[in-house]
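K.L.:
Got a predicted structure plus its sequence, pasted below:
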Amino acid sequence: MITAYRSNCTSLELSAVTAASDLPSDVIWIDMVEPTREEEDHIEKLLGIDVPTRDDLKDIEPSSRFYVEKDAVYMTASLVWKVATDIPTLTDVGLILVGNRLVTIRYANPTSFALFVAALHRIPADMRSGAALLAKLLETIIDRTAEVLEQAVVRIDILSTHVFGERAKKVRRPSNFLEEKLRDVAGYHRLISKVRDSLMSLSRLLTFLHTVPAVQQDHDTKDLCRNVSRDIQSLSEHASFISGNITFLLDASLGLINIEQNSIIKIFSIASVVFLPPTLVASVYGMNFQFMPELHSPFGYPLSLLVMVISAVVPFFFFRWKGWL
């Protein structure tokens with residue numbers, strides 16, 4: 001699907017436009033969502049550019065992600081997608097500056113694009129150009145990334161409270177409670193990793209965008225790009241901090257699991273030591289020797305039971321005195 005946006009913020013479908021002369025001159029943004037081969041050919045004929053394919057967008061070489069060809073500036077950014085699911089991923093978005101127009105090619109629907117379209121009418125009229133729209137779009141993407149990080153911090157804080165707070169209150173928890181929390185920690189780690197990869201991609205894009213003449217010649221757009229670059233740097237540092245907290249939470253959860261397992265093993269070890277002396281006494285008097293004076297004593301049986309109880313109680317209270325129980 002191809003949607004074009006004019007400088008007055010109205011949209012139109014480009015399927016009815018058959019020639020370059022039919023394309024309105026005030027079209028400043030052409031958004032291509034999962035374009036077909038026919039739609040790509042249509043845009044190439046309208047604008048006289050080569051539209052990168054889906055495979056071209058996945059190329060990780062810098063020379064393939066940022067370049068200038070036929071007076072058109074080609075850029076590729078990796079954006080976080082599906083942040084509300086268990087499998088957040090990165091989607092590659094193509095950004096092309098051709099003349100005074102911005103062309104975007106995407107095969108996903110990141111929330112930042114919907115937010116940008118909704119706020120398109122708030123952009124000042126003097127900043128409704130291709131380069132200015134690209135800077136505003138990047139600003140919206142960074143704002144959305146900051147929101148994702150803020151939500152992740154809140155959820156990670158709640159998770160940390162569940163792991164440590166309930167343990168401090170000695171609340172009885174299911175046996176697999178910590179194992180389930182480890183899965184949540186792994187999910188947050190994946191999300192923050194994808195956010196950091198996206199921020200790195202955007203940082204490289206902004207570095208390249210600063211060299212584009214259309215940006216250098218527009219003072220407001222240049223300042224906006226500079227501010228976005230600073231925001232990316234701040235968010236990258238914040239994402240690194242969150243990643244460190246997640247690593248700590250992961251190590252702490254694994255440590256708590258080891259402590260619980262060691263506690264179980266300690267109970268069995270102490271139980272075996274407590275019952276070892278009574279077992280020894282029972283084994284002695286279970287031997288079938290003919291001459292065993294205690295067997296003929298009327299007090300032999302109760303005395304043997306008393307010795308077995310004492311031999312079990314003494315180690316038990318000794319362990320309690322040492323604080324091992």
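P.N.:
Cool, got the structure. Numbers count the residues shown, from 1 in each chain.

K.L.:
rest of the way, CA atoms for contacts and neighbours
P.N.:
Fine.

K.L.:
can you map out the helices along the stretch 101-250 of the chain?
P.N.:
When assigned using DSSP state H, counting those that start in this stretch, the helices of the stretch 101-250 of the chain occupy the ranges 111-118, 130-160, 166-168, 177-209, 213-216, 219-284.

K.L.:
For these, please prepare JSON lines with the additional fields mean pLDDT.
P.N.:
Output for the helices of the stretch 101-250 of the chain, formatted as JSON lines (pLDDT from 0 to 100):
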{"stretch": "helix 111-118", "mean pLDDT": "86"}
{"stretch": "helix 130-160", "mean pLDDT": "87"}
{"stretch": "helix 166-168", "mean pLDDT": "54"}
{"stretch": "helix 177-209", "mean pLDDT": "85"}
{"stretch": "helix 213-216", "mean pLDDT": "82"}
{"stretch": "helix 219-284", "mean pLDDT": "82"}
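
K.L.:
Please tell me I have it right and residue 243 contacts residue 187.
P.N.:
No. In this structure residue 243 lies outside contact range of residue 187 using CA atoms under 8 Å: 11.9 Å.

K.L.:
Settle it for me: which of those two has more neighbours?
P.N.:
residue 243 (19 against 16; other CA atoms under 10 Å).

K.L.:
and residue 296, how many neighbours?
P.N.:
10.

K.L.:
ok, now how distant is it from residue 268?
P.N.:
Noted for residue 296: a distance of 37 Å to residue 268, by CA to CA, to the nearest Å.

K.L.:
give me every residue that touches residue 52.
P.N.:
residue 94 (CA atoms under 8 Å, 6 or more residues apart in numbering).

K.L.:
now residue 178: how far from residue 185?
P.N.:
Here the distance between residue 178 and residue 185 works out to 10 Å (CA to CA).

K.L.:
Settle it for me: which of the two has more neighbours?
P.N.:
Neighbours per residue (other CA under 10 Å) separate residue 178 from residue 185, with residue 185 holding more: 20 against 17.

K.L.:
How much space separates that one from residue 179?
P.N.:
In terms of CA to CA, residue 185 sits 10 Å off from residue 179.

K.L.:
Ok, residue 145 next?
P.N.:
Distance from residue 145 to residue 179, by CA to CA: 29 Å.

K.L.:
Just want to know which of those two has more residues nearby.
P.N.:
residue 145 (23 against 14).

K.L.:
Leaving out sequence neighbours, find the closest residue to that one.
P.N.:
Nearest residue to residue 145, sequence neighbours excluded (CA to CA, 6 or more residues apart in numbering): residue 195, at 7.3 Å.

K.L.:
So that neighbour sits against residue 80, correct?
P.N.:
Yes. Applying CA under 8 Å as the test, residue 195 and residue 80 come out as touching, 6.2 Å apart.

K.L.:
so what sits against both of the two?
P.N.:
By CA under 8 Å, 6+ apart, the residues touching both residue 195 and residue 80 are residue 145.

K.L.:
Next, residue 287: secondary structure please.
P.N.:
Secondary structure assignment for residue 287 (DSSP: H, G, I helix; E, B strand; the rest coil): coil.
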